[in-house]
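> how does the following fold in three dimensions:
(one chain, ligands or ions: 2)
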Amino acid sequence: MAIERTLSIIKPDAVAKNVIGQITSRFEAAGLKVVAAKLVQLSRAEAEQFYGVHRARPFFKDLVDFMLSGPVMIQVLEGEDAIAKNRDLMGATDPKKAAPGTIRADFADSIDANAVHGSDAPETAAAEVAFFFAGLNVYSR
Ligand code: RTP
Ligand code: MG
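Ligands and ions are numbered 1, 2, ... in the order given. Take a look at the predicted model:
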């Protein structure tokens, strides 16, 4: 398996619950390393562009409004099979369907306020890391 990088966002609901550390501990326990990180308030333009693939979906405005509802913790995670590993740790999009012990099962309230984002493929991971960390240091560990 290859060493990969993936983009993780701890969403406003989880930041508000003060569980940045608990969520990040799960990444670390699974062998993923934080190689870049920033706590930021997204602009509407950033959130719309980031989730642009969903622009035509009925939930798009709610999704963008939610992502603007407070600061988010954006991290680049590095490790073996990092993209799929992070998605496994996150659990299903809808916390009601997320497997027990996953981040969304334990910390998410609803399909909208679902605690975390994770890149879903190598192409999106590369684009999402570049979107938030272009020109900034991403460290190899
Ligand atoms: P994410 O991109 O945030 O990691 O979530 P995901 O891959 O599990 O799900 P995705 O299909 O990419 O959807 C992005 C976000 O849109 C909201 N959503 N709502 N009401 C709905 O049917 C619905 N479907 C998706 C979720 O908040 C999801 O995280
Ligand atoms: Mg997605």
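> any idea how far the longest helix along the chain is from the chain center?
If you go by DSSP state H, the chain has its longest helix at helix 122-133. Distance of helix 122-133 from its chain centroid, counting by C-alpha atoms, centre = their mean, to the nearest Å, is 12 Å.
> which neighbouring elements make contact with that helix?
strand 3-10, strand 33-40, helix 44-50, strand 72-80, helix 82-90 (3 or more C-beta pairs under 8 Å, 6 or more residues apart in numbering; DSSP states H and E). Just so you know, the C-beta spots here come from the backbone N, C-alpha and C atoms, and that holds for glycine as well.
> what about 7 Å?
strand 3-10, strand 72-80 (3 or more C-beta pairs under 7 Å, 6 or more residues apart in numbering; DSSP states H and E).
> dump the ones you listed into a markdown table; add distance to ligand 1, mean pLDDT and mean neighbour count as well.
What follows is these, written out as a markdown table (distance: least, C-beta to the nearest ligand atom, whole Å; pLDDT from 0 to 100; neighbours: other C-beta atoms under 10 Å):
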| stretch | distance to ligand 1 | mean pLDDT | mean neighbour count |
| --- | --- | --- | --- |
| strand 3-10 | 7 | 98 | 23 |
| strand 72-80 | 11 | 98 | 22 |
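> and those strands: which comes nearest V116?
strand 3-10 (5.9 Å; C-beta to C-beta).
> residues contacting the closest one, please?
20, 23, 35, 72-83, 86, 116-119, 122, 125, 128-129, 132 (C-beta atoms under 7 Å, 6 or more residues apart in numbering).
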